[in-house]
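# based on what follows, work out the 3D shape:
(2 chains)
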Protein chains: 2
Amino acid sequence: MKYSAKVEVKFKEGLFDPEGETTKKSLQGLRFPVEDAKLSKVFNIKLDAKTKDEAYSMVEEMCKKLLANPNKDDYKIIIEEIQ
Amino acid sequence: MKYSAKVEVKFKEGLFDPEGETTKKSLQGLRFPVEDAKLSKVFNIKLDAKTKDEAYSMVEEMCKKLLANPNKDDYKIIIEEIQ
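Model (predicted):
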């Protein structure tokens, strides 16, 4: 089966997000009534797996091994079947 | 009213996504059965607006003026009321 995984990686709560901060200031400079802006990365991954659970476990493993930095990032995984 | 906007900015279909490509190759190098990987940015923005429609229009304006590059990016906006 083919699955599509959406992995959102963002700074852990409380950590400084420099690009988000710059975005907030730039938007405020353009006179938008913005209170806060945070930036995250989203990986859209297509993968093969036998079941949705297996797909989830593999993507969790990918986060641990490559996609997220355990010292500073939180991540959220959403898996959907495709085909 | 306060609104939360999630803006996903990604390369237009067909454009080369170098970071996505590197991610795909790295995951394949780690023996994950990955067929494709694409990367997008997500801005999570808190803003003030009178209505949901007004919030949407403002965020669309932000995309045009700052968040997305019209030459290479597509964007998707999701607005939710908060409080």
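# chain A against chain B: which residues are in contact?
Neighbours of chain B within chain A, by CB under 8 Å from any CB of the partner chain: A:2, A:8, A:10, A:20, A:23-24, A:26-27, A:30, A:32-49, A:58, A:61-62, A:65-67. No exception for glycine: its C-beta is placed from N, CA and C like everyone else's.
# of these, buried ones?
A:8, A:10, A:20, A:23-24, A:26-27, A:32, A:34, A:37-47, A:49, A:58, A:62, A:67 (16 or more other CB atoms under 10 Å in any protein chain shown).
# separation between residue A:49 and residue A:81?
10 Å (CB to CB, to the nearest Å).
# phi and psi next, for residue A:33.
Per-residue torsions, residue A:33: phi -80, psi 70 (degrees, to the nearest 10).
# okay, it: pLDDT?
Per-residue pLDDT puts residue A:33 at 97.
# ok, now the one 10 residues further on?
We have a pLDDT of 98 for residue A:43.
# what about the closest residue to it other than its chain neighbours, how many neighbours?
Once flanking residues are discounted, residue A:43 sits nearest to residue A:7: 4.4 Å by CB to CB, 6 or more residues apart in numbering or on different chains. Neighbour count of residue A:7, defined by other CB atoms under 10 Å in any protein chain shown: 23.
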